[in-house]
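In: Give me a model of this one.
(chains A and B)
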Amino acid sequence: MRALVIDDSRAMRRIVSRILVDLGYDEVLEAEHGQAALDVLATGPLPELACVDWNMPVMDGLTFVNRVRAEPAWRSLTLMMVTTESEHGQIVRALAAGAHEYLIKPFTADALRDKLLLLGLLPEPKEVSA
Amino acid sequence: MTTTTGVAPIRADEVWELVAEVWESLLQLPAIRADHAFGLQGAMTASVTIDGDWTGLVTVTMPPTTAVAVTRAMLQIPETDDVSDADVADAVGEVVNVIGGNVKALLQGSTSLGLPRVELEWAPVHAQLVCRAGVEWPGHAARIGVWHLPSTATSNDSMGEAR
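Out: Model prediction:
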């Protein structure tokens, strides 16, 4: 499974990426804002999941979600907002724009795991050969 | 814990609760509520603005050694490895971003959160204190402040130096 983590904080990208790898993701790509993430989507194989921060320079997360949902070729991409924006109205805006899930910072690894489980995007445990 | 009332509907206890959650979830460090006074000389400050129906500033201030400890905790960098200034600025900036976002959620009305800004040296900003929380854990302490920036801000007795 492949994921794309979009956050202007390198620290937060590392944290989310590390959790996803620990959960069994094969590859985790990173982008520092929405425009960079669109470039990643346009040039490589489509990941199954994108974790999207809201407040970012150049292109914010909500704009990114709108741009992704306007492109039919990216319809299978699951979008999960991972953000400090926790007001009910903001959550509704993101979900209405096409985000599938919403995780509020700060979060634990278990909370991210639970969201992936709900989305059906938790990788199967890999078999270890003897 | 110091609290000034009548500025914004934010209680110091609420701020402390989210600070504790950030420390325990994001940094995985034990958080003890404390109002520590430490010299601001050489302190590092990260801030994020809140604009809209209420305008203000959330700050996190800590000594450089504490900022490095926060960075190691957040990024799981072992003691044997170096921590770059860029990593410190990024980690402390994310701490104030997460706290600021949650403070914003406590406010009534429409507001937006700015992007975090990190200053390696203490720089005073004239603002009105809403509340301030101290957090400590073994060997370290940090201070979190919520400040009101009235649109007609002028120097007067109720204004202090934000940080």
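In: do stretch B:85-100 and chain A meet?
Out: Yes - remark: stretch B:85-100 sits within contact range of chain A at B:86-87, B:90-91, B:93-94, B:97-98, B:100, by CB under 8 Å from any CB of the partner chain. From N, CA and C alone the C-beta is placed, and that goes for glycine too.
In: For that stretch, list every residue counted as buried.
Out: Neighbour counts over stretch B:85-100 (16 or more other CB atoms under 10 Å in any protein chain shown) mark B:87-100 as buried.
In: Test for you: state the pLDDT assigned to the residue nearest the centre of chain B.
Out: Residue closest to the average C-alpha location in chain B (CA atoms, centre = their mean): B:Val60, at 2.3 Å. pLDDT for B:Val60: 94.
In: measure it to chain A for me?
Out: 14 Å (CB to the nearest CB, to the nearest Å).
In: looking at this, that residue is in a helix?
Out: No - counting by DSSP: H, G, I helix; E, B strand; the rest coil, B:Val60 falls outside a helix, being strand.
In: from memory B:Thr111 sits against B:Val58, does it?
Out: No - between B:Thr111 and B:Val58 there is no contact under CB atoms under 8 Å: 11.6 Å.
In: Mutual contacts of those two, please.
Out: Residues touching both B:Thr111 and B:Val58 (CB atoms under 8 Å, 6 or more residues apart in numbering or on different chains) are B:Ile50.
In: which parts of chain B sit against chain A?
Out: B:21-22, B:25-26, B:71, B:74-76, B:86-87, B:90-91, B:93-94, B:97-98, B:100-102, B:104-105, B:113-116.
In: got the contact list for the residue in chain B positioned nearest to chain A?
Out: Closest approach between chain B and chain A, counting by CB to the nearest CB: B:Gly101, at 2.2 Å. Contacts of B:Gly101 were listed using CB under 8 Å, 6+ apart, and they are A:55, A:83-86, A:105, B:113.
In: any idea how far A:Asp114 lies from A:Glu87?
Out: 22 Å (CB to CB, to the nearest Å).
In: Run through the bridge partners of the residue nearest to the centre of chain B.
Out: B:Ala46, B:Ile144 (DSSP bridges).
In: Verify the contact between it and B:Val135 for me.
Out: No - with contact defined as CB under 8 Å, B:Val60 does not reach B:Val135; the gap is 9.4 Å.
In: Determine the residues that are contacts of both of those two.
Out: With CB under 8 Å, 6+ apart as the test, B:Val60 and B:Val135 both reach B:142-144.
In: which one of the residues you listed is nearest B:Val48?
Out: Nearest to B:Val48 among the shared contacts of B:Val60 and B:Val135, counting by CB to CB, is B:Ile144 at 11.3 Å.
In: so where's the chain shaky on pLDDT?
Out: Chain wasn't specified; assuming chain A. For chain A, the stretches with pLDDT under 70 are A:127-130.
In: looking at chain B here, not the other one
Out: Residues of chain B that meet the cut-off, pLDDT under 70, sit at B:1-8, B:36-40, B:122-125, B:151-163.
In: what's the neighbour count on residue 114?
Out: With no chain named, the answer covers chain A. Neighbours of A:Asp114 under the rule other CB atoms under 10 Å in any protein chain shown: 14.
In: wait, I meant chain B there
Out: Look at B:Gly114: counted by other CB under 10 Å, it has 15 neighbours.
In: isn't it right up against B:Ala46?
Out: No - counting by CB under 8 Å, B:Ala46 is not a contact partner of B:Gly114; they are 11.9 Å apart.
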